[in-house]
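Undergrad: just the structure for this:
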Amino acid sequence: MTQSSSGRPEISRGATAGLDVQELRIERVGGPSTHTIVSEISLTVAPGETVGIVGESGSGKSMTAKAITGLLPPKLVASGRVTYHGRDLLPLREKEWRSIRGHEIGLVSQNPFTMLSPVDRCGRIIEESLRREVRKRMSRRERRAEAIRRLAEVGIDDESVVDRHPFQLSGGMQQRVGIAAALAREPRILIADEPSTALDATTQREILALIKSLQEARGMGLILITHDLRIAFSMCDRVNVLYAGSLVETGPAADLEAEPLHPYTHGLLMSEPPADHRVAELVAIPGSVPTPDSVADSCTFAPRCRWVRPECTDGAPPLRVVGDGRLSDCLRIEEIRSELAEERARATGVAVPAVAADHEDKLIAVTEVGKIFHSGGRDVTALQSVSIRVGDGEGVGLVGESGSGKSTLGRIIAGLELPSSGSIEIAGIDASDWPKLSRRDQLALRRQVQMIFQDPYSSLNPMRTIGSTLEETIRVHEPSAKDMERRIAELLRSVGLDPEYAQRKPMALSGGQHQRVAIARALAVRPRVLICDEPVAALDVSVQAQILNLFSSLRDERGIGYLFITHDLSIVRQVVERAYVMSKGRVVESGPVDEVLGNPQDPYTVRLLQSVPNSSAEWLAPGSRAGAGEA
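TA: Now for the predicted structure:
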């Protein structure tokens, strides 16, 4: 380890480094001032090595990947050095990049649909991705055969896929085609930018196992970008933790998992909900990620750190050696190291049982509900004879992957879809056919049941302030409501927001703040139950912990029950007492959540549990019982 010109440790593997990034800085230029996106990141990737880049939204992960592949958007400028086999890539013109991008450094993005031409068939996409010299010497029949072989390499044995368009495939299949296309040019380094975030749990596991096996078979270097430390620990040899555009910690994955040496990494680990037990409260990192420029002259994590001292804000701390292969920019890590370890030990050692009370008062009763959608001249069965119960003040989980029918059931209960069969009763009112209800009964049901969606931003009017949105909701149910300013302030405080947020518009809020506003709007009518459809799926882990703790406090303070819809078993264990597991429109297992997850009886539930990320060698092992999933 050597010193750079700036005095920072230079992370280098000498001649073994296939890719060497030193002091990479990314800035937005062209306006009245320059804004920093990433500040002086250094990392290396050796052949066959997997290096993780971990951090929350806004940390600079994806922009780092774009800089390494020459794909930065206009007005974003990179400086520093990105050296590939001795050649600095940053000064290259686009024509020169074409011989590197794809051929030497491949990229797999989070959304496979953006990588794949929607007008081309999958076979042609892969054929066009082959190296030009290889493609030229092949006949049309040989190119088709090669595309079929490439699809088989990524686990697609159905030869007819070469003749399909991407939109005709599931998300997992699209991602496999994207990987096949990225590998068709035989790159030496693959950058996988959140390659499994948008996928179901079992499909996520399959895709990650596939990437790992292909990497090992080809001896590729791999950069894995993820916000999930569990995935990083399962996949990576070394992990780099980014925060607000800065590298705050690096080290071997196993060592970093055993003992993080930065309060931010510690906070991320503590925020992860455990899948094997329930905790009294998740340890959430307060606040949100600042802009790099706002913390440029101090420790970037200082505004959110419980261990901050005046010296932490007296200039930007250097990234320094704190152990064998370990770097951290925390000035106080030697002082607080034992305290961090004690806090982790306390958190992992205490399990709280989920006590499922006998709720005789069934607020929601769904009986033998079925739902058939008519699409393109054919019938699609979404629900088949589903029955569930939610008691007054009870937390109930609805678990399953995409296509299981869980969101459809939630929308039917909320009156946003009509059931094809069966009955629904809410607070003594027959809610099987909302349009036929009187205005009075509809308003009564809306006061009883409110729904919270995965994407709160799309459900908020971008042109209205938060205060006016909340006022509108209150007045629909209470036209003569008084003292509106006080009511709105109380609602915002109840979800952990300052009343000042009433003056802001949605675009001025973070993702976690959007979700808090959506919850406040649901609470405005004083409901008895919330239907929460994947309410934390789009949030970073630390913000996710904040929202999950908020749900718990709302139940304690207001006695509100909820139907919590999610695909994440780690989350459902923390927030509900009973759970229903759904697969292909049916309930396949139900009962107290500790029994369902602790001693699953249905093979589908077992498969979901096996798909929860962990760092054991078996999780990604070939032949492990991950199941075939949607791919």
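Undergrad: contacting residues around the residue nearest to residue 362 when sequence neighbours are not counted?
TA: Using C-beta to C-beta, 6 or more residues apart in numbering and skipping residues adjacent in sequence, the residue nearest residue 362 is residue 389, 5.0 Å away. Every C-beta, even on glycine, is put in place using the N, C-alpha and C of the backbone. Applying C-beta atoms under 8 Å, 6 or more residues apart in numbering to residue 389 gives the contacts 359, 362, 364-366, 396.
Undergrad: for the strand or helix carrying residue 20, which strands pair with it and how are they oriented?
TA: Taking DSSP states H and E as the definition, residue 20 sits inside strand 19-28. On the basis of DSSP bridges, the sheet neighbours of strand 19-28 come out as strand 35-45 (antiparallel), strand 76-84 (antiparallel).
Undergrad: helix, strand, or coil at the residue nearest to residue 362?
TA: strand (DSSP: H, G, I helix; E, B strand; the rest coil).
Undergrad: for it, which residues count as its bridge partners?
TA: residue 365.
Undergrad: separation between it and residue 426?
TA: The gap separating residue 389 from residue 426 is 12 Å, by C-beta to C-beta, to the nearest Å.
Undergrad: next, show the common contact partners of those two.
TA: Overlap of the contact sets of residue 389 and residue 426 (by C-beta under 8 Å, 6+ apart) consists of 364-365.
Undergrad: looks like residue 127 contacts residue 145 (just checking).
TA: No: using C-beta atoms under 8 Å, residue 127 is not in contact with residue 145, being 10.3 Å away.
Undergrad: higher neighbour count, the two?
TA: Per other C-beta atoms under 10 Å, whichever of residue 127 and residue 145 has more neighbours is residue 127, with 22 against 15.
Undergrad: helix or strand for residue 370, just tell me which one.
TA: Under the assignment here (DSSP H and E), residue 370 is part of strand 362-375.
Undergrad: for that strand, buried residues please.
TA: By neighbour count on 16 or more other C-beta atoms under 10 Å, the buried set for strand 362-375 is 362-366, 369-371.
Undergrad: kindly report the same for stretch 372-388.
TA: Neighbour counts over stretch 372-388 (16+ other C-beta under 10 Å) mark 382-384, 386, 388 as buried.
Undergrad: got a markdown table for those, with distance to residue 78, secondary structure and pLDDT too?
TA: Output for the buried residues of stretch 372-388, formatted as a markdown table (distance: C-beta to C-beta, whole Å; DSSP: H, G, I helix; E, B strand; the rest coil; pLDDT from 0 to 100):
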| residue | distance to residue 78 | secondary structure | pLDDT |
| --- | --- | --- | --- |
| 382 | 47 | strand | 93 |
| 383 | 50 | strand | 96 |
| 384 | 53 | strand | 96 |
| 386 | 52 | strand | 97 |
| 388 | 52 | strand | 97 |
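Undergrad: farthest pair within those residues?
TA: Within those, 382 and 388 form the most distant pair, 15.0 Å apart (C-beta to C-beta).
Undergrad: looks to me like residue 120 is in a strand.
TA: No: Residue 120 is assigned coil when assessed by three-state DSSP, not a strand.
Undergrad: show me the contacts for it.
TA: Contacts of residue 120 by C-beta under 8 Å, 6+ apart are 128, 165.
Undergrad: quick check: it vs residue 132, distance?
TA: 17 Å.
Undergrad: low-confidence regions, the chain specifically.
TA: 1-17, 113, 198, 349-350, 355-360, 617, 622-631 (pLDDT under 70).
Undergrad: can you give the domain ranges for it?
TA: Per the record, the chain has its domains at 47-67+93-258, 263-349, 362-610, by automatic domain parsing.
Undergrad: and the end-to-end length of the longest one?
TA: It stands for domain 362-610. Using C-alpha to C-alpha, to the nearest Å, the span of domain 362-610 from its first residue to its last is 33 Å.
Undergrad: the residue lying closest to residue 153 once chain neighbours are set aside: helix or strand, and which one exactly?
TA: Nearest residue to residue 153, sequence neighbours excluded (C-beta to C-beta, 6+ apart): residue 180, at 6.7 Å. Element membership for residue 180 (DSSP H and E) is helix 171-183.
Undergrad: and the helix or strand that that helix is followed by, how far out from the chain's middle?
TA: Scanning forward in sequence from helix 171-183 by DSSP H and E, the next helix or strand is strand 189-193. Strand 189-193 sits 18 Å away from the centroid of its parent chain (C-alpha atoms, centre = their mean, to the nearest Å).
Undergrad: and residue 44, how many residues sit next to it?
TA: 21.
Undergrad: bridging residues for it?
TA: Assigned bridge partners for residue 44, using DSSP bridges, are residue 20.
Undergrad: number the chain from 99, please
TA: Let's use 99 as the start, then, which means that last one is residue 142.
Undergrad: that one and residue 118 touch, don't they?
TA: Yes: at 5.0 Å, residue 142 counts as touching residue 118 under the criterion of C-beta under 8 Å.
Undergrad: mind checking the backbone torsions on residue 439?
TA: Residue 439 adopts backbone torsions of phi -60, psi -40, taken as degrees, to the nearest 10.
Undergrad: thought it was touching residue 357?
TA: Yes: the pair formed by residue 439 and residue 357 meets the contact definition of C-beta under 8 Å, at 6.7 Å.
Undergrad: doesn't residue 549 belong to a strand?
TA: Yes: the assignment for residue 549 is a strand, going by three-state DSSP.
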